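> Let's see this in three dimensions:
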Amino acid sequence: MANTELEQTHHEQAPTQAVDPAEEPSVEWGWHGSFPKGIQIAGWFSTFAMVMMLIGNHQGILSGGGHFISADIWLIAIAAVMAVALLYDLRRRRTSWRR
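Numbers count the residues shown, from 1 in each chain. Okay, the predicted model is just below:
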């Protein structure tokens, strides 16, 4: 039984790259990825900076005002969301090889 032309071309094709260099030129010079440690470091630095903004020149809870102002609430909420996202990312990266 003779193979059809479609089956012959399917078996003769060489495997192609997973990423098309025309769409993502960085594939040609060998880098195609992310900086997982850099993302964690920058994320934790940013979270720390958000918390340190509570101590500043406004009259919030830590700056002598004695009560929360909306800026304090926003800073705490954003820092908390960033910390949860960084912890989730850290856990996801550590357990991804198990799946």
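
> Output the lowest mean pLDDT helix or strand found in the chain.
Ranked by mean pLDDT, DSSP states H and E, the weakest helix or strand in the chain is helix 5-12, scoring a mean of 54.

> After that one, which helix or strand is next?
Downstream of helix 5-12, the next assigned helix or strand under DSSP states H and E is helix 36-52.

> Average pLDDT for the helix or strand following that next one, rounded please.
For helix 36-52, the following helix or strand on the C-terminal side (DSSP H and E) is helix 70-95. Helix 70-95 carries an average pLDDT of 90.

> Kindly report the same for stretch 50-64.
Stretch 50-64 shows a mean pLDDT of 76.

> and residue 89, how far is that from residue 75?
Between residue 89 and residue 75 the distance is 21 Å, computed by C-beta to C-beta, to the nearest Å. Just so you know, the C-beta spots here come from the backbone N, C-alpha and C atoms, and that holds for glycine as well.

> cool, residue 49 as well?
Residue 49 is 10 Å from residue 75, by C-beta to C-beta.

> Neighbour count: the two, which is higher?
residue 75 (19 against 11; other C-beta atoms under 10 Å).

> I'd say that one and residue 55 touch.
No: using C-beta atoms under 8 Å as the test, residue 75 is too far from residue 55 to be in contact (10.4 Å).

> What is the burial count for the residue lying closest to residue 83 once chain neighbours are set aside?
Leaving aside its chain neighbours, residue 83 sits nearest to residue 47 (5.3 Å; criterion: C-beta to C-beta, 6 or more residues apart in numbering). Applying other C-beta under 10 Å, we find 19 other residues in the vicinity of residue 47.

> these two touch, right, residue 72 and residue 54?
Yes: using C-beta under 8 Å, residue 72 makes contact with residue 54 at a distance of 6.0 Å.
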